[in-house]
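A.B. asks: Pasting the sequence and the predicted model now:
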Amino acid sequence: MDKFIGTKQEGDALHGRGVLQSEEEWEARNHHLADSLSRLIDEHVHFCTGKALDIGCQNGELTDRYAAATALSWQGIEPDLDRPTRSEAGLEMLPGVAHALPFGNESFDCVALANVFEHIKPALHNASMREIYRVLAPGGILAGQIPNPYFPIESHSRLPFFGFVPRKLQPLYWRLTPTGWDFEKAHFFIVTMRHVKKAAAAAGFSTVLARDFNYRPEAIPKALRWAARFHSRLGIMPWAWQFAFRRPEH
């Protein structure tokens, strides 16, 4: 499920109901996501500064997991923060946005962008990628994930085929969402790997990999596991995509 919708910010009353994950399922989701991205980072990172940045870190839950699983020193930025704070593990979390990062040039070996790109306004895609490129050291990598907006149960709204609905009609369909969020607060856009690759290439990145990603059954709400198992056997449409882009060495 998406990083933005389904967190504890929804309220405990919604957890485990219908297409919404229980606490145990959400924990399994975060474990699988952080583990897969951490292994991707470990495989491709080139050490220079020894530092890494998690963009859209929320309360730092995934950031802490990256720090525990990699040899990098992590910090995060989050647009919803109004002041600097610390994650549960004590990592620095700062207010900030992807298109205006509050860091110097070549500060990081790695930037993580997990289920965040679809929340960036399309007009800011290129500016955000240029900023990420700027703060990465030569040879640094951008690693992340985006949900597939055309998955049968769209991951923000938890509604069938929401990604196929024209933008102007989405607020109307959104009224049926079981998440408890209003449409404006969800604030996401329909993007695919084509959009991510285009913005990354325009900023000067080279593609390291782009791959399909599906969560394990234990991360999926019980009401949907039968459909997820059937869907995975067909292998026709991933739940999400993961990616890694590199700033050239020279």
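C.D. replies: Perfect, I can see it now. Numbers count the residues shown, from 1 in each chain.

A.B. asks: secondary structure element for residue 53?
C.D. replies: Residue 53 belongs to strand 51-55 when elements are defined using DSSP states H and E.

A.B. asks: Check which helices and strands that strand is in contact with.
C.D. replies: Secondary-structure packing of strand 51-55 (3 or more CB pairs under 8 Å, 6 or more residues apart in numbering; DSSP states H and E): helix 61-69, strand 73-78, strand 108-114. Heads up, the C-betas are built off the backbone N, CA and C, glycines and all.

A.B. asks: Would you give the sheet partners of the second one, along with the direction of each?
C.D. replies: In other words, strand 73-78. Taking DSSP bridges as the criterion, strand 73-78 forms sheet pairs with strand 51-55 (parallel), strand 92-95 (parallel).

A.B. asks: got the CA coordinates for the shortest one in PDB?
C.D. replies: Written as PDB, here are the backbone C-alpha positions of strand 92-95 (Å, rounded to 0.1, in the frame of the first residue of the first chain):
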ATOM      1  CA  GLU A  92      17.000  14.100  12.300                       C
ATOM      2  CA  MET A  93      13.800  14.900  10.500                       C
ATOM      3  CA  LEU A  94      13.500  18.400   8.900                       C
ATOM      4  CA  PRO A  95      10.800  20.400   7.200                       C
END
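
A.B. asks: Buried residues, that strand. List them.
C.D. replies: Buried positions in strand 92-95, judged by neighbour count with 16 or more other CB atoms under 10 Å: 92-94.

A.B. asks: hang on, isn't residue 138 packed against residue 204?
C.D. replies: No: contact criterion CB atoms under 8 Å: residue 138 and residue 204 do not qualify, at 11.0 Å.

A.B. asks: Spell out which residues are contacts of both of the two.
C.D. replies: Shared contacts of residue 138 and residue 204 (CB atoms under 8 Å, 6 or more residues apart in numbering): 247-248.

A.B. asks: Return the helix or strand in the protein with minimum mean pLDDT.
C.D. replies: Least confident element among the helices and strands of the chain, by mean pLDDT, DSSP states H and E: helix 225-234 (a mean of 61).

A.B. asks: Below-threshold pLDDT in this protein: ranges please.
C.D. replies: Applying pLDDT under 70 to the chain picks out residues 1-19, 223-236.

A.B. asks: Quick check: the gap between the residue nearest the centre of it and residue 239.
C.D. replies: Centroid-nearest residue in the chain, with CA atoms, centre = their mean: residue 115, separated by 1.7 Å. As judged by CB to CB, to the nearest Å, residue 115 and residue 239 stand 11 Å apart.

A.B. asks: and for those two, which residues touch both?
C.D. replies: Residues touching both residue 115 and residue 239 by CB under 8 Å, 6+ apart: residue 147.
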